[in-house]
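just need the structure, nothing else, for what follows:
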Amino acid sequence: MEKTRYQFVADEIRRRIVTGKYPAKSLIPDQNTLAEEFHVSRMTVKKALDGLAREGFIYKQSGLGTYVLGIVPLQTISRDSPAGAIDGLTKQLGEDRVTSDIISFDVGFPNADIQKKLDLTVNRPVYDIIRLRRVENDPFILEHTYMPVELVPGLTENILKGSIYSYLHHSLNLKFGGAYRKIHASLATPFDMKYLEAGEHDPILEVEEIVWLNNGKNIEYSTARNRYDTRSYTVLDIR
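Numbers count the residues shown, from 1 in each chain. Prediction:
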């Protein structure tokens with residue numbers, strides 16, 4: 001998957017922060033200066049900076065500019081995820097690191113619970129997908145995803161082996177409007193023990209999520225489960 005221009009900008013600014021070229025608490029160049037340096041639009045720079053702010057690398061002070069927060073000691077850059085991110089695992093960690101094993105891929109009519117979560121009637125079919133997401137071949141996240149077929153036509157196993165979100169954004173030109181996410185602890189299930197290599201008494205972190213499009217239609221209900229020692233979710237609060 002080819003990187004977009006704003007991803008290139010974000011990656012370079014992130015590298016400069018990590019290597020200390022942009023020291024913690026320093027003011028980074030303004031958007032116009034960065035746009036000129038990278039030969040991109042100011043909007044592209046803004047999108048890159050917004051992503052870095054969600055990741056906790058920078059923060060904006062009204063009327064003063066954008067500052068480097070630096071590497072917060074609690075961060076584990078390679079594995080942690082911002083609790084509010086809606087960009088998917090492949091984009092967060094890189095397509096060269098993330099692979100997907102398809103455990104099941106079916107189409108059927110939604111039960112009462114899925115109808116409610118996706119705001120569907122019983123006669124609207126949904127994809128029912130279970131994938132094991134691996135990072136550098138290690139089991140990482142067990143995902144169970146439901147999506148309305150009418151909103152996501154043409155989904156195939158080949159797409160599932162990569163990034164579903166990339167397909168939604170770049171092939172179907174769909175834009176997310178937002179997400180509601182609930183994070184809680186759970187006990188390991190036989191599925192977790194089989195696919196996540198969890199012990200019988202290992203705690204499991206589960207993220208339950210509903211994602212909707214910018215037109216208000218719910219496009220995804222999913223659960224994502226990981227072992228307690230593999231991933232954390234972070235929240236950045238700037239006042």
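
identify the residues contacting His169.
His169 makes contact with Lys175, according to Cβ atoms under 8 Å, 6 or more residues apart in numbering. The way it works is simple: take the backbone N, C-alpha and C, and place the C-beta from them, glycine included.

and it, which of the three is it?
Three-state call for His169 (DSSP: H, G, I helix; E, B strand; the rest coil): helix.

count the residues that sit near Val135.
18 (other Cβ atoms under 10 Å).

now swap in Ile102 and tell me
Per other Cβ under 10 Å, the neighbour tally for Ile102 reads 13.

then the one 4 residues further on?
Each residue near Asp106 was counted by other Cβ under 10 Å, and the total is 10.

hang on, it packs against Tyr127?
Yes - counting by Cβ atoms under 8 Å, Tyr127 is a contact partner of Asp106 at 7.5 Å.

the protein: helices as residue ranges?
In the chain, the helices defined using DSSP state H lie at 5-19, 31-38, 42-55, 89-93, 112-118, 157-160, 164-166, 190-195.

who are the packing partners of the shortest one?
Okay, so that is helix 164-166. helix 89-93 (3 or more Cβ pairs under 8 Å, 6 or more residues apart in numbering; DSSP states H and E).

quick one: average pLDDT of the helix it packs on?
On average, the pLDDT along helix 89-93 is 68.

in contact with Asn218, which residues?
For Asn218, counting by Cβ under 8 Å, 6+ apart, the contacting residues are 117-120, 148, 210-212.

quick check: the farthest pair among those residues?
Among those, the pair separated by the greatest distance (Cβ to Cβ) is Leu120 and Val211, at 14.3 Å.

in this protein, which segments are predicted with low confidence?
For the chain, the stretches flagged by pLDDT under 70 are 1-3, 70-79, 82-88, 91-95, 236-239.
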